[in-house]
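Visitor: coordinates for the following, if possible.
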Amino acid sequence: MLTSLRKHHGLLIAAGIVCVVVNRQGLGPLWFTGVALLLLGGALRWAAWRRQRPRQDRPPSPVGIPVEGRWQALNGPATKVPSH
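Guide: Residues are numbered from 1 along each chain as shown. Here you go, the predicted model:
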């Protein structure tokens with residue numbers, strides 16, 4: 001369930017904003033609910049951000065260059081074909 005909530009943290013933040021904005025009672029139950037939803041959504045967003053960061057225990061692995069050979073610009077001065 002926490003993973004599902006973590007994926008939809010934006011909905012919790014949006015619901016919290018709506019609760020705070022439409023509140024007409026001052027510091028009433030709707031305002032506290034909105035603030036709680038904002039805090040929960042922010043905490044879940046932070047947790048999702050932490051899980052997506054690369055691990056620091058191993059260095060990045062080098063990879064080869066994905067392209068090689070001669071490059072030529074398409075529709076450029078080298079092809080003498082107008083682009084329009």
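
Visitor: rest of the way, CA atoms for contacts and neighbours
Guide: Noted.

Visitor: distance check, the closest residue to residue 35 other than its chain neighbours against residue 65.
Guide: Computed as C-alpha to C-alpha, 6 or more residues apart in numbering, the closest residue to residue 35 that is not its neighbour in sequence is residue 16, at 6.1 Å. Going from residue 16 to residue 65 by C-alpha to C-alpha, to the nearest Å gives 47 Å.

Visitor: cool, residue 54 as well?
Guide: Distance, residue 54 to residue 65, using C-alpha to C-alpha: 22 Å.

Visitor: how about residue 49?
Guide: Spatial separation of residue 49 from residue 65 under the definition C-alpha to C-alpha is 29 Å.

Visitor: the more surrounded of the two?
Guide: Remark: of residue 49 and residue 65, residue 49 carries more neighbours, 11 against 6, as counted by other C-alpha atoms under 10 Å.

Visitor: helix or strand: which one has that one?
Guide: When elements are assigned from DSSP states H and E, residue 49 belongs to helix 29-52.

Visitor: give the buried residues for the helix or strand that contains residue 13.
Guide: Counting by DSSP H and E, the element that carries residue 13 is helix 9-22. Residues of helix 9-22 classed as buried by neighbour count (16 or more other C-alpha atoms under 10 Å): 9, 10, 12, 13, 15, 16, 17, 19, 20.
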